[in-house]
Structure formats: C-alpha cells, structure tokens
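Asks: Structure of the sequence below:
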Amino acid sequence: LLEEREVSHGSLPVGNISSNEIYIELNNVNRKFDAGNTASPLHNLLKPNRRIRAWIGIEKDNGDKEWVPLGVFWSGDWSAPEDRAYAQTTGRDRLEFLRRSEYIPDTARQNISLYDLAVDILTDAGLTQEEYWVDDELKDYIIPYVGTEPQSHREALRKVAEACLGNVYCDRHGVIRVEGTKPVTEQNFVTASENANISYPSQVVDGIENPDSKYASLDGSWELDGSFVLAPETEGPQMGWWGKQLSGPDGSFIEPYPTLTVTFFDRAIEAVKVVGDSARGEYPVDFTIRIFDGNDNLLSEQQVTGNAQVATVVSIPENPTNAAKIELSIQKWSHPGRQAKILEFLNTIYKLEISPDDYFSKDNPLRYAEVANYIVVETQPVDSNGNKLPGVKVIAKDDESITENGLLPFEFPANPLVQTVEMAEEIAERLLEIFKDPRRNLELDWRGNPAVLLGDVVSVVDSREQNDYKVVRQEIEYDGALRARMSGRRV
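Replies: Numbers count the residues shown, from 1 in each chain. Okay, here's the model as predicted:
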C-alpha cells in the first residue's frame, strides 16, 4: 500500500492532491486466476476497474480478529504468469478516475466560495454526498469570478487545494477528502441535551481550561460583592457549556441527565479530559463517559463516581483507533441547586510511540528545497466578464531567516482562483510561517502499524532525543511479515 498527502516535486508541497495505490499478489497455485482456465469460477472476471477493498488485521489472544481497512481501489490490468504461483494487479483510488473525466461548467460563477466550487466539481464528476467530504473552512474563501475553462476534475480540485493551501486525498473508506489548513484532529462538533439561557457548548473543545470571569447564573448562586459578572450575551469571552437543570439537595440530577456530545472524524483516543468551572470551584462528581465509532457502536464506557477535582482526566483503556464520538452524562454535581458548568470536554489523542526496538533505520533529512524565506504570490484578477486584468505581486519575507540560511525564494504557482490581494497576502504569510525555517523531517523504515493514518502524529525515540512527526506518506508491505516506510513532518 502506498498512501500520501504531500508530493513536493523538489519544491514546497503546495496544492497537494495524490492518488493512493495498492499492489496485490494473490495465491494462484491452483491456477484459478489463469485467463485460459475456462473451468475457473473467475473466468472472464479479471478485468480492469474491478473494485478492491483491502484489510489487514491481527488475531488477539482471545481468538478475536481485529481488522484495519487499507482503502478502496479499482484494479488496472491483471497478470497471472504461467511460471509463477501468483496473480497480480495494481489498484488506484477514486481520485484516479477524476484524472480521466472533464469538468466544463455550464456558466461562469461570481462570488462563489471554494467550498461550493469543490462540491460542484465533485458532484459534476458523479459522486454522491457519501463519497466525498469538504472542509467547512473552505466556506471562508470567496472567489470573485470562476470561468468555464475545460479541465479535468482532478486538476480543478488541485487548484482549489492550492488556493487554500489544503489537501485532497482519499481516506481508507474510499471517501475523497478536501481539507483546509486546520488539521482534522482539531475539528470537533459539539451538541448538548440542554442549555441555559446563555451557554456556549462550542467552547468546550477550544483547549482553554479557565473561564474569563466568575459568572452570575439564574440559579441564584452569586453575590453582589463585585466578584461576579453577568454572563456574556455573545460568544467570545470564555464561559463554556451551562446546563439548564438544577441539581437536587445532594447535588444529584434527574433523568434525562445533562449530556454533552462531541463528534469528530475517526481518531485514536487515549483519554478524555473533563473540566468544570474553576472560577466557581464547581465540578461533576458522578458522571459517565461513552466512546462510540462512526456507526454508534459503543467502544468504551467509563463510570466515574466520587470525583473531587475540577479538572479530571479519564483514561480509556481500550485505546480505540476508530472513535468518532464522545459523550459526557452528568448524574451528580459538586453543589446542590446548581447548573452543570463544563469548560472543557475533549479527548486526548493517542500518540503512538516508536522506539528503536520498532524500527530498522531512521533518517532525519534536512531539505533546503522545502525551505523558503522570500515568498512571491501574484494575483490573477479578472473583471465581471472574465477578462484578465493586470496582476499584483505580493511579497512576504523573513529577514532573520535570510540572514541565517541565505535567500531562499519561492514563487507561488499562477492560480486563477487567487484573484485578490487579500488572498495573496494570506497565502504568502502562511507559507512563510510554515517554511521559513529548516526542519529535520522523518524517513523511517520500521515494523509498521496499519492503524497509523495519514495526518496522525507519532513520537519517535532514539538514543538522544524524542520528537513528534505528522505522517504525510507511508508504504505498508505484507508478504507473511509486516514492514513499513514512513515519512513525517516535524511538529
């Protein structure tokens, strides 16, 4: 299996779109894959564009098997050499089809977001909503004019990714993902079973563990001594989620209990943090944390009783790799007659630690081809009729890096979606921030772990140091034994 999210071609990895690939050899000792074997049930069935679903797994000590998906692919040509005991083919994911189809919009569009443009490209290619996902971040990019120039669907998506410095790739469920710059591991969606008149559930995943003030609530638990302030009427100040129900004389809530739910894209979870209201010294005493996968199957349930801490970290012993939802249900509060007040409810992402016992060789290359301290981005403006106008060159530079490393220029490729100076400035500044300093990245030849996904962060230990890397490319091989080659960017 080859999967990757970055293809730099000797320069900065910008506008990344990559098709994953799988090479398989199937046992053909009984010759059932031979093209001339008319008695085989597979006769005339080994053709190009056969869908391939691949998994790899282990058998646990209790006999259960745990499988990890490797992706969804479509086969190329098949080969079954007579002098060999195998049949083989190579498959590519759905993005390969987009290379062969053409995108020709019926009409030009004005003031369209990159999000809507990406959705139009994908639906025009014949994909259903279940077969793609587009990051909401792309709604923030508004393009004044998009013409009708014919191009492949893949090239059109590449330009979208380049304009927002994002990525396009297929995940292991065969879904095309168009991502912006914010990592998927930081994207969370919050819902609550109940809310006070003023409550901000979305703040429970922002990583801030202290409220901005000690807020007065409708339960009467406040005093006119100057230490309390009114709850903010607009989201901004850190307040978190406040429930509506008041706890009983012993702090207990009644069913249905105040419940907070956070959903996200599949990730590995090691622990969950729950933070009450530190300004008030209030917290949940008895509560339940449940972990679910994307199909609402229960992966873990942890019951906590008698908690006496405002901030509590609850370990998830199963360490599920496919968690998609966490749920907090509060049965008892630290004070009677109070509302539930949760400032943080967020998972701790499991970070695989790779030690020298796990790998065969490691290199930390420093590639100056992927360093740039003088960025040039030129706008590609057009008028309301689509006629090209003179462009403006935007420059961002870092004098300290230039002094330290010499002048390392990078000219952003001409992209018809980059039409405004504001967009060009944002691209230039973000590229400069990411690539102005050299970073030693990772090339690792190791035993492998198929549960590691693109975008995951792994911690690699050697005799001198321990560093974290985001996985951007990996090759996984299995021929009776598992082996992998991984590329990562230092974080």
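Asks: Could you use CA atoms for every contact and neighbour count after this?
Replies: OK.
Asks: Please compute how far stretch 142-158 lies from its chain's middle.
Replies: 24 Å (C-alpha atoms, centre = their mean, to the nearest Å).
Asks: in the stretch 351-491 of the chain, which spans are strands?
Replies: 352-354, 359-363, 374-378, 393-397, 409-411, 442-446, 457-461, 466-478, 482-490 (DSSP state E, counting those that start in this stretch).
Asks: what's the burial count for Glu400?
Replies: For Glu400, the count of nearby residues is 12 (other C-alpha atoms under 10 Å).
Asks: Mind listing what's buried along stretch 86-102?
Replies: Within stretch 86-102, the residues that count as buried by 16 or more other C-alpha atoms under 10 Å are 86-98, 102.
Asks: Ok, stretch 49-57 next?
Replies: For stretch 49-57, burial by neighbour count (16+ other C-alpha under 10 Å) applies to Ile52, Ala54.
Asks: export it as CSV, just CAs?
Replies: Extracted in CSV, the C-alpha atoms of stretch 49-57 (Å, rounded to 0.1, in the frame of the first residue of the first chain):
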residue,chain,number,x,y,z
ASN,A,49,-11.7,-1.4,-12.9
ARG,A,50,-12.7,-4.2,-10.5
ARG,A,51,-13.3,-2.7,-7.1
ILE,A,52,-10.8,-3.8,-4.5
ARG,A,53,-11.4,-3.5,-0.7
ALA,A,54,-8.4,-4.4,1.4
TRP,A,55,-7.9,-5.0,5.1
ILE,A,56,-5.1,-6.2,7.3
GLY,A,57,-5.5,-7.4,10.9
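Asks: ok, now which ones touch the residue lying closest to Val421 once chain neighbours are set aside?
Replies: The shortest distance from Val421 to any residue other than its chain neighbours is 6.4 Å, reached at Thr379 (C-alpha to C-alpha, 6 or more residues apart in numbering). For Thr379, the set of contacting residues under the criterion of C-alpha atoms under 8 Å, 6 or more residues apart in numbering consists of Gly391, Val392, Lys393, Val394, Ala414, Asn415, Val418, Gln419, Thr420, Val421, Ala424.
Asks: Likewise for Arg430?
Replies: The contact partners of Arg430, by C-alpha under 8 Å, 6+ apart, come to none.
Asks: go again using 10 Å as the cut-off
Replies: Taking C-alpha atoms under 10 Å, 6 or more residues apart in numbering as the criterion, Arg430 is in contact with Leu165, Thr181, Ile375, Ala396, Lys436.
Asks: So how do I select the buried members of these in ChimeraX?
Replies: Of those, the buried ones can be selected in ChimeraX as follows, counting by 16+ other C-alpha under 10 Å:
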select :165,375,396,436
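Asks: and which of the contacts of Arg430 is nearest to Ile58?
Replies: For the contacts of Arg430, the residue nearest Ile58 by C-alpha to C-alpha is Thr181; the value is 34.3 Å.
Asks: Figure out the helix or strand that the closest one lives in.
Replies: Counting by DSSP states H and E, Thr181 is held by no secondary-structure element, helix or strand.
Asks: now the helices for the stretch 251-400 of the chain?
Replies: According to DSSP state H, counting those that start in this stretch, the stretch 251-400 of the chain carries its helices in the segments 399-405.
Asks: Check the strands of the stretch 351-491 of the chain for me and report the most buried one.
Replies: Among these, strand 374-378 has the highest mean neighbour count (mean count of other C-alpha atoms under 10 Å), at a mean of 23.
Asks: wait, which of the strands of the stretch 351-491 of the chain is closest to Tyr169?
Replies: Closest of the strands of the stretch 351-491 of the chain to Tyr169 is strand 466-478, at 11.2 Å (criterion: C-alpha to C-alpha).
Asks: Show me what the closest one packs onto, helices and strands only.
Replies: In terms of contacts (3 or more C-alpha pairs under 10 Å, 6 or more residues apart in numbering; DSSP states H and E), strand 466-478 is packed against strand 2-4, strand 21-27, strand 352-354, strand 442-446, strand 457-461, strand 482-490.
Asks: let's see 7 Å
Replies: Packed against strand 466-478 by the contact rule (3 or more C-alpha pairs under 7 Å, 6 or more residues apart in numbering; DSSP states H and E) you find strand 2-4, strand 457-461, strand 482-490.
Asks: ok now the second one, how far from the chain's centre?
Replies: Once both centres are worked out by C-alpha atoms, centre = their mean, strand 457-461 turns out to sit 18 Å from its chain's centre.
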